[in-house]
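**Student:** take this sequence and fold it.
(one chain, ligands or ions: 1)
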Amino acid sequence: MAGWSAWQYIVSFIIGAMVYDQVMYIKRKGPIAGPPFKIPFMGPFIQALHPKFDAYLAQWASGPLSCVSVFHKFVVLASDRDLAHKVFKSPAYAEPCIVPIAKDILGHKAWVFLQGKAHAEYRRGLTPLFTNKAMATYLPVHHKVLSDYFDKFVNASKAEQGKPREFMTLFREINCALSCRTFFGDYISQDAVKKIADDFYLATAALELVNVPLSLYVPFTKPCATTWLFQVLAQRPDVLDRLREENLAARGGDKNKGFDLPMLESLTYTQAVIKELLRHRPPVIFVPYLATKDFPVTPEYTVPKGSMIIPSCYPALHDPEVYPHPNTFDPERWITGDAESKTKNWLVFGAGPHDCLARRYVPLTMAGMIGKAALELDWKHHATERSEEIRVFATLFPMVCVPKLPAFVFSLTLN
Ligand code: HEM
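**Tutor:** Next up is the predicted model:
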């Protein structure tokens, strides 16, 4: 090697690094699905910048375990329901990691990263926020927030003379207001609520840029569910009519009566609509975890330490064996069908020690919101060529080409 020029050293180093990267990829991949070779160094980086929902579907379909490698990050996706449960429920091998750089942003000591006893104790401290007794006190607060925002919705629509406009921004804000007023009371000004909603959007957009290789985590779940809820109900007047009827009956014919906890019992159809919505368009399609040590997920395959291992929620919620015609929005499956008994497939809120603390609070909030909207508002969805396309932006949204935001374009009037 004596007498080599600087270029010869550089080229040899690059070739060596490429070979090492490729060999490591093949070794980590083992027998699971995934490309036999990776694009040198970057892998499918370009696709990861603009994640397409169809690409996720293809990835899940490629095998119960599949992999991608982007730059140094090796990622294993578990599409199989039982493997997803195994990952969710193996805290000794894997911990939630939200996005790869989340620890640097939120701080390594943030409670979401706590594990074991410290995590269980912290969680125990939060559970009183979600008891029936606590939740009953939130509903009058929600009633006021919803009233204020429904007025805003109507005024926003009037300002456009009833012409279609995007509502995603307002859906973000109403959900932010619901959370702030529920958990912080009136200590936060209305301007601050709007600023939090806007900044949260910007922070999410920024995280999308650094969130390679896989663009998904848990914020934005509620605006997502709200957007689909309004869109699907506008498209299904039969469902909306039944929902209206049921909510009016539950309020003894007085449409101004506030929603309360005992009322939920009688809202069988509303509850079915919400469950079906969360199944049909789950706000969280998978949850990124990090393998904290070599993790033998199957007898044949061990996820290498330091890799991301991603249990998927969407495939279990769209399994045709469990939910026949899974792409059809059919609330009936929860009433006359057997969907209710398929608890293992109900991965909307994750599973195991980190499962969503708000798994009962979320449907309750949605029932209050959609019941009141059905009784007080009329809305029309103005479909665009891409309304049915799914956009992955932290979670799933209908794709609309209006502004750069995922937008739900509709016009709205008082009922
Ligand atoms: C449609 C709305 C929502 C959906 C679909 C959703 C779903 C999820 C999922 C999939 C996880 C990860 C579970 C796991 O790793 O096993 C999670 C965690 C969590 N969620 Fe939610 N979520 C929603 C709304 C909320 C709301 C409104 C709150 C709070 C008021 C909340 C509080 C939490 C907390 C605290 C965790 C972390 C728990 C832990 O690490 O122990 N979620 N959620």
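
**Student:** list the buried ones in stretch 353-366?
**Tutor:** Neighbour counts over stretch 353-366 (16 or more other C-beta atoms under 10 Å) mark 353, 354, 355, 356, 358, 361, 362, 363, 364, 365, 366 as buried. Backbone N, C-alpha and C define where each C-beta goes, glycine included.

**Student:** name the residue of this structure that lies nearest to the ligand.
**Tutor:** Closest contact between the chain and the ligand, by C-beta to the nearest ligand atom, is at residue 350 (2.3 Å).

**Student:** what is the burial count for that residue?
**Tutor:** The number of residues packed near residue 350 is 20, by other C-beta atoms under 10 Å.

**Student:** which ones are touching it?
**Tutor:** Contacts for residue 350 were tallied using C-beta atoms under 8 Å, 6 or more residues apart in numbering; they are 88, 284, 287, 311, 313, 356.

**Student:** one more time with 6 Å, if that's ok
**Tutor:** By C-beta atoms under 6 Å, 6 or more residues apart in numbering, the contact set of residue 350 is 88, 287, 356.

**Student:** and it, what element?
**Tutor:** Here residue 350 is covered by no helix or strand, with elements defined by DSSP states H and E.

**Student:** repeat that for residue 120.
**Tutor:** helix 116-126.

**Student:** now that helix, how far from the centre of its chain.
**Tutor:** Relative to the centre of its chain, helix 116-126 is centred 23 Å away, using C-alpha atoms, centre = their mean, to the nearest Å.

**Student:** how about residues contacting it?
**Tutor:** 111, 114, 357.

**Student:** let's see the pLDDT reported for the first one.
**Tutor:** In other words, residue 111. In this prediction, residue 111 carries a pLDDT score of 81.

**Student:** ok, it - contacts?
**Tutor:** Neighbours of residue 111 in contact, by C-beta under 6 Å, 6+ apart: residue 122.

**Student:** how near is it to residue 54?
**Tutor:** 36 Å (C-beta to C-beta, to the nearest Å).

**Student:** quick revisit: so which of the buried residues of stretch 353-366 reach the ligand?
**Tutor:** When contact is defined as C-beta under 6 Å from any ligand atom, these meet the ligand at 354, 355, 356, 358, 361, 362.

**Student:** so of those residues, which ones are in helices?
**Tutor:** 361, 362 (DSSP state H).

**Student:** and the strand or helix carrying residue 13, which residues are buried?
**Tutor:** Element membership for residue 13, per DSSP H and E: helix 6-29. Residues of helix 6-29 classed as buried by neighbour count (16+ other C-beta under 10 Å): 21, 25, 28, 29.

**Student:** I'd like these laid out as JSON lines, including distance to residue 13 and pLDDT.
**Tutor:** Shown next, in JSON lines, are those (distance: C-beta to C-beta, whole Å; pLDDT from 0 to 100):
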{"residue": "21", "distance to residue 13": "12", "pLDDT": "90"}
{"residue": "25", "distance to residue 13": "19", "pLDDT": "92"}
{"residue": "28", "distance to residue 13": "22", "pLDDT": "95"}
{"residue": "29", "distance to residue 13": "24", "pLDDT": "95"}
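
**Student:** could you pull out the helices for the stretch 51-200 of the chain?
**Tutor:** 53-61, 81-88, 102-106, 116-126, 132-159, 168-184, 190-210 (DSSP state H, counting those that start in this stretch).

**Student:** which of the ones you listed has the lowest average pLDDT?
**Tutor:** helix 102-106 (a mean of 74).

**Student:** now for that one, which elements pack on it?
**Tutor:** The helices and strands touching helix 102-106, judged by 3 or more C-beta pairs under 6 Å, 6 or more residues apart in numbering; DSSP states H and E, number zero.

**Student:** chain center to that helix, what's the gap?
**Tutor:** The answer for helix 102-106 is 19 Å, by C-alpha atoms, centre = their mean.

**Student:** likewise stretch 14-24?
**Tutor:** Between the centre of stretch 14-24 and the centre of its chain there are 36 Å (C-alpha atoms, centre = their mean).

**Student:** again with stretch 358-377
**Tutor:** Averaging C-alpha positions (C-alpha atoms, centre = their mean) puts stretch 358-377 18 Å from its chain's average.

**Student:** same question, stretch 229-238
**Tutor:** The answer for stretch 229-238 is 20 Å, by C-alpha atoms, centre = their mean.

**Student:** is the ligand within reach of that stretch?
**Tutor:** No. Stretch 229-238 lies out of reach of the ligand by C-beta under 6 Å from any ligand atom, never closer than 10.1 Å.
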